[in-house]
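Participant: The following comprises the amino acid sequence and a computationally predicted model.
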Amino acid sequence: VALQKAKRALEKYELRAPFDGIVRRIDFQVGDNLLADANETKYVVLENPDYFIVTVQLDQVDVVHVKEGQKASIVFDALPEETFEGVIDFIDTTPIQSSGVVSYEVEIALQPTGHTILSGMTAKVEIEIDARENVVAVPNLALRAIGNSSFVVGENGERFPVETGLSDGTYTEVLSGLQEGAKIQSVNVSISSNQDGERSERSSNNAQMIMRMGGPPR
């Protein structure tokens with residue numbers, strides 16, 4: 001009985017990792033007193049080289065459009081030529097408030113890559129909220145609006161009211177009002193400064209042909 005009690009007492013002094021991995025850092029020495037506190041001090045950093053989590057913060061407007069299991073594309077600043085795939089693994093519903101902006105942390109599980117990725121690396125993340133294939137789309141520069149109505153301008157200056165759908169920030173899906181192959185005008189704006197620091201703005205109209213997009217606007 002005494003031996004069993006001694007073994008149980010000894011087990012309390014063992015630190016057991018919750019998963020297989022590599023110890024990257026130990027922030028204590030023999031003889032230090034380790035105390036649990038509200039700040040969740042990290043005494044040991046353990047990493048699994050085959051499993052990485054990318055953490056992003058989404059504002060309250062965007063977070064309602066994502067859910068666990070959605071796919072994400074990740075480009076690390078250190079590897080700008082490579083695009084990695086990930087899946088949303090966890091959405092923290094605890095709000096983070098900073099300068100009046102409310103955001104939420106979203107964890108994205110990165111699939112095995114075979115590349116050297118280190119903790120602390122920064123990345124750009126795109127989350128696929130929705131997708132459309134084989135749709136008619138127009139450049140966002142070609143879209144005009146009056147009130148809640150959208151329209152495009154044909155090459156001869158006529159207006160075509162359109163009903164829009166998804167957008168990827170560059171192109172917008174057109175649900176009705178245009179046919180594939182129609183030509184419309186888009187506006188290019190250029191801003192320049194002279195020697196006195198005065199800025200001038202120029203705009204020009206370019207005719208573009210409406211195409212059927214194979215990629216998914218988001």
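Facilitator: Thanks, I have the structure now. Just so it is clear, the model here is predicted, and its values are computed rather than measured.
Participant: Point to the helix or strand of this protein where mean pLDDT is at its lowest.
Facilitator: Least confident helix or strand, the chain: strand 199-209 with a mean of 47, by mean pLDDT, DSSP states H and E.
Participant: how about residue 142, phi and psi?
Facilitator: Main-chain dihedrals, residue 142, degrees, to the nearest 10: phi -90, psi -10.
Participant: Can you report how many residues lie near it?
Facilitator: 22 (other C-beta atoms under 10 Å). Heads up, the C-betas are built off the backbone N, CA and C, glycines and all.
Participant: The nearest residue to it once chain neighbours are set aside: which element?
Facilitator: With C-beta to C-beta, 6 or more residues apart in numbering as the criterion, residue 142 has its nearest non-adjacent residue at 4.0 Å, and that residue is residue 186. Assessed by DSSP states H and E, residue 186 sits inside strand 183-193.
Participant: same question, residue 30
Facilitator: With DSSP H and E as criterion, residue 30 is part of no helix or strand.
Participant: which residue packs closest to residue 159, ignoring adjacent ones?
Facilitator: residue 151 (4.8 Å).
Participant: What residues sit buried inside the helix or strand hosting the one you found?
Facilitator: Applying DSSP H and E as the criterion places residue 151 in strand 149-153. Buried residues in strand 149-153, counting neighbours by 16 or more other C-beta atoms under 10 Å, are found at 150, 151, 152, 153.
Participant: In a markdown table, list these along with distance to residue 125 and pLDDT.
Facilitator: Below are the buried residues of strand 149-153 laid out as a markdown table (distance: C-beta to C-beta, whole Å; pLDDT from 0 to 100):
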| residue | distance to residue 125 | pLDDT |
| --- | --- | --- |
| 150 | 29 | 89 |
| 151 | 34 | 88 |
| 152 | 32 | 87 |
| 153 | 35 | 86 |
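Participant: can you list those residues in TSV and add distance to residue 131?
Facilitator: Shown next, in TSV, are the buried residues of strand 149-153 (distance: C-beta to C-beta, whole Å):
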residue	distance to residue 131
150	21
151	26
152	23
153	29
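Participant: The closest residue to residue 76 other than its chain neighbours: what's it in contact with?
Facilitator: Of all residues not flanking residue 76 in the chain, residue 123 sits nearest, at 4.5 Å (C-beta to C-beta, 6+ apart). Contact partners of residue 123, counting by C-beta atoms under 8 Å, 6 or more residues apart in numbering, are 54, 74, 75, 76, 77.
Participant: run the last query once more with 6 Å
Facilitator: 54, 74, 76 (C-beta atoms under 6 Å, 6 or more residues apart in numbering).
Participant: same question, residue 138
Facilitator: residue 174.
Participant: re earlier: by neighbours, which of the contacts of residue 123 wins?
Facilitator: residue 74 (23 neighbours).
Participant: Give me the number of neighbouring residues for the nearest residue to that one once chain neighbours are set aside.
Facilitator: Closest residue in space to residue 74, ignoring its immediate chain neighbours: residue 84 at 4.5 Å, by C-beta to C-beta, 6+ apart. Look at residue 84: counted by other C-beta under 10 Å, it has 21 neighbours.
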